[in-house]
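**Student:** just coords:
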């Protein structure tokens, strides 16, 4: 029997360990650090087997999935670089990819590191909130390294299919980080910026769906998002500056009472959004790529 | 039998006419302008009776509900000011209230205008998308005028209850406009600003729930939102400037790689959001006020 070692059983790692059980002829081993997580993972049968000692499992692991926070993944690669099984596949789940591909350069030639980003999540964290169905119909983004083999990419696709991801998107780490700065990190910057307003506690009774939707992700884990933002600073900073500029343009038109300019800006942006909605309805966007 | 005249059967007016049917001993009459809306409203039985001539109905209408766009409501009040039945209740559904209360000053003493804002909506408009259930569990905000009677406020609450609103919030027009600038108008400014980025069409495959949620309301009606933004320019401009400033603070910390400052900002904002979520879960926020 082959072995998948999932390191870190938080929300994503715990959910992956659950979703990966029963995949082909692999045993799923979950590595935890605290007794509390061990007990919860055991009670929920989050993995086929649990361990406190990932180092002891590494020489026999055909697949290693790194699910710690960004600093934890980077530290693990450095600390255990010589313990990985030659020819194994290593993948991570971190929301930034350039920095992870960079960190993986410390690995010996025989270890194939493929950056991954399961675009699933919740506003709550930890094994308590993990579930095998977390990944259904979400994107699984993959950034292969220069030495990644077709065999490993195929294996990764089969694992993604087993976890019921909606599709697998293969791209470069740089492109991933630019896109994610726009589609995910900026949404978190917006949500916390909106919540950091004096009116947050006085506006109750006046919120509609748009306010709840926009602020939902503000209940984030500060330590993890500090890491993610700083590891992707150039791309995030660029896109945040563009947003500031756009909001400023709207504000200028509103303050000037310039109906014509405002109407033109709103027509342009809403037209773009309607076009995207139409394309989605027609199914022109992402197709499952299995 | 008494009479409610609903003027304008778009998404909100059409839904209100549907939801109000069967209210006490009132007949619901819907006033439309186009044959196309007439036919659709007739086919869907959107009202007990339909008319192209609201002026002819006004002298016999005990309640008049103005559901046009903002300029349409202001124009209607001015054009028909002397046709309203003495002692009648007039209410509107516009998303800004100070400007509407101001416009209603043209009415004679016997007409009681109460500003209203049903906080319900969709990203699509028109009678085609109207439905009687649109208002369930949403906020119904009410800004009484200086001459509003207790009897009319009670009548309005009973209508809101009949339409299954979640609660009725009574406030001043000024407070309404400040709150709505934050909880609704700003969310629309954010959504269009995010969509007006070159990456919108290239980011497909990288969007998670936060992107879909934040941009949902960008598919707006440009003409109507131009009116709403300009009618509430001072409050919206103030809150948009605060958002620009907050995003700029995040960007500055990210560009400087200042982990400590960034972590402190994220901890503060996410803590506020978590507190709000907890209060909601405990039911400390808005209670149905029937």
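**Tutor:** That came in fine, so what should we check first? Since the structure is predicted, the reported quantities are computational estimates derived from the model, not experimental observations. Residues are numbered from 1 along each chain as shown, chains lettered A, B, ... in the order given.
**Student:** which SS state does residue A:181 fall under?
**Tutor:** Secondary structure assignment for residue A:181 (DSSP: H, G, I helix; E, B strand; the rest coil): helix.
**Student:** contact partners for the closest residue to it other than its chain neighbours?
**Tutor:** In space, residue A:181 comes closest to residue A:235 once its chain neighbours are excluded; the distance is 3.8 Å by CB to CB, 6 or more residues apart in numbering or on different chains. The C-beta positions use only the backbone N, C-alpha and C, and glycine is treated the same way. Residue A:235 makes contacts with A:177, A:178, A:180, A:181, as judged by CB atoms under 8 Å, 6 or more residues apart in numbering or on different chains.
**Student:** confirm residue A:6 sits in a strand?
**Tutor:** Yes. Assessed with three-state DSSP, residue A:6 lies in a strand.
**Student:** thought it was touching residue A:19?
**Tutor:** No. The pair residue A:6 / residue A:19 is not scored as a contact, 10.1 Å apart, by CB atoms under 8 Å.
**Student:** where does chain A dip in pLDDT?
**Tutor:** Within chain A, the stretches with pLDDT under 70 are A:283-290.
**Student:** what ranges does it have for its strands?
**Tutor:** With DSSP state E as the criterion, chain A has strands at A:2-7, A:26-31, A:49-51, A:63-66, A:89-92, A:112-118, A:139-143, A:167-170.
**Student:** run through who's touching stretch A:195-211.
**Tutor:** Contacts of stretch A:195-211 (CB under 8 Å, 6+ apart): A:194, A:215, A:218, B:119-121, B:138-139, B:141, B:167, B:169, B:176, B:178-180, B:182-184, B:187-188, B:191, B:216-217, B:239, B:242-243, B:246, B:265, B:268-270, B:272-273, B:276, B:285-286.
**Student:** how about stretch A:137-146?
**Tutor:** By CB under 8 Å, 6+ apart, stretch A:137-146 touches A:97, A:101, A:104, A:112-120, A:153, A:156, A:160, A:163-173, A:176, A:286, B:205-208.
**Student:** wait, doesn't residue A:269 sit right on residue B:189?
**Tutor:** No. The criterion here is CB under 8 Å, and residue A:269 misses it with residue B:189 at 9.9 Å.
**Student:** which of the two has more neighbours?
**Tutor:** residue A:269 (27 against 24; other CB atoms under 10 Å in any protein chain shown).
**Student:** so what's that one up against?
**Tutor:** B:192, B:193, B:195, B:196, B:218.
**Student:** got those as a markdown table, with neighbour count columns?
**Tutor:** Listed next are these as a markdown table, based on neighbours: other CB atoms under 10 Å in any protein chain shown:
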| residue | neighbour count |
| --- | --- |
| B:192 | 26 |
| B:193 | 25 |
| B:195 | 22 |
| B:196 | 21 |
| B:218 | 28 |
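**Student:** what is the burial count for residue A:78?
**Tutor:** 11.
**Student:** meant to ask about residue A:281, not that
**Tutor:** 9.
**Student:** what of residue A:206?
**Tutor:** By other CB under 10 Å, the residues close to residue A:206 number 24.
**Student:** from residue B:108, how far out is it?
**Tutor:** 32 Å (CB to CB, to the nearest Å).
**Student:** could you do residue A:23 as well?
**Tutor:** Residue A:23 is 76 Å from residue B:108, by CB to CB.
**Student:** the two - which one has more neighbours?
**Tutor:** residue A:23 (18 against 9).
**Student:** that older thread, filter the contacts of residue A:235 down to the buried ones.
**Tutor:** A:177, A:178, A:180, A:181 (16 or more other CB atoms under 10 Å in any protein chain shown).
**Student:** ok, now which ones touch the second one?
**Tutor:** Read it as residue A:178. By CB under 8 Å, 6+ apart, the neighbours of residue A:178 are A:235, B:199.
**Student:** what do you get for the third one?
**Tutor:** Listed by CB under 8 Å, 6+ apart, the contact partners of residue A:180 are A:95, A:96, A:97, A:117, A:232, A:235, B:206.
**Student:** wait, what's in contact with the fourth one?
**Tutor:** Think residue A:117. A:93, A:94, A:95, A:97, A:140, A:141, A:142, A:143, A:176, A:180 are the contacts of residue A:117 under CB under 8 Å, 6+ apart.
**Student:** what's across from it in the sheet?
**Tutor:** Taking DSSP bridges, one finds residue A:141 as the beta-bridge partners of residue A:117.
**Student:** any idea how far it is from residue A:244?
**Tutor:** Going from residue A:117 to residue A:244 by CB to CB gives 26 Å.
**Student:** do the same with the fifth one
**Tutor:** As for residue A:232, its distance to residue A:244 is 17 Å (criterion: CB to CB).
**Student:** neighbours around the nearest residue to residue A:233 once chain neighbours are set aside, how many?
**Tutor:** Computed as CB to CB, 6+ apart, the closest residue to residue A:233 that is not its neighbour in sequence is residue B:254, at 5.1 Å. Neighbours of residue B:254 under the rule other CB under 10 Å: 23.
**Student:** repeat that for residue A:124.
**Tutor:** If you count neighbours by other CB under 10 Å, residue A:124 ends up with 12.
**Student:** residues contacting the closest residue to it other than its chain neighbours?
**Tutor:** Of all residues not flanking residue A:124 in the chain, residue A:11 sits nearest, at 7.3 Å (CB to CB, 6+ apart). Listed by CB under 8 Å, 6+ apart, the contact set of residue A:11 reads A:121, A:122, A:124, A:125, A:126, A:127, A:129, A:130, A:134.
**Student:** roughly how far does the fourth one sit from chain B?
**Tutor:** The gap separating residue A:125 from chain B is 12 Å, by CB to the nearest CB, to the nearest Å.
**Student:** can you give me every residue that contacts the residue in the stretch 1-150 of chain A positioned nearest to chain B?
**Tutor:** For the stretch 1-150 of chain A and chain B, the shortest gap (CB to the nearest CB) falls at residue A:119, measuring 4.7 Å. By CB under 8 Å, 6+ apart, the residues touching residue A:119 are A:138, A:139, A:140, A:141, A:184, B:206, B:207, B:208.
**Student:** dump those to JSON lines, plus distance to residue A:222.
**Tutor:** JSON lines is the format used below for these (distance: CB to CB, whole Å):
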{"residue": "A:138", "distance to residue A:222": "24"}
{"residue": "A:139", "distance to residue A:222": "25"}
{"residue": "A:140", "distance to residue A:222": "26"}
{"residue": "A:141", "distance to residue A:222": "24"}
{"residue": "A:184", "distance to residue A:222": "16"}
{"residue": "B:206", "distance to residue A:222": "24"}
{"residue": "B:207", "distance to residue A:222": "24"}
{"residue": "B:208", "distance to residue A:222": "19"}
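**Student:** what are the ranges of the helices in the stretch 151-290 of chain A?
**Tutor:** A:173-180, A:186-195, A:209-215, A:222-231, A:233-256, A:259-282 (DSSP state H, counting those that start in this stretch).
**Student:** include distance to residue A:56 when you put those into a markdown table, please.
**Tutor:** Formatted as a markdown table, those follow (distance: least, CB to CB, whole Å):
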| stretch | distance to residue A:56 |
| --- | --- |
| helix A:173-180 | 31 |
| helix A:186-195 | 37 |
| helix A:209-215 | 44 |
| helix A:222-231 | 27 |
| helix A:233-256 | 37 |
| helix A:259-282 | 47 |
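**Student:** point out the most buried one among those.
**Tutor:** When the helices of the stretch 151-290 of chain A are scored by mean count of other CB atoms under 10 Å in any protein chain shown, the highest mean neighbour count falls to helix A:186-195 (a mean of 25).
**Student:** so which bits of stretch A:162-173 are buried?
**Tutor:** In stretch A:162-173, counting by 16+ other CB under 10 Å, buried: A:162, A:163, A:165, A:166, A:167, A:168, A:169, A:170, A:171, A:173.
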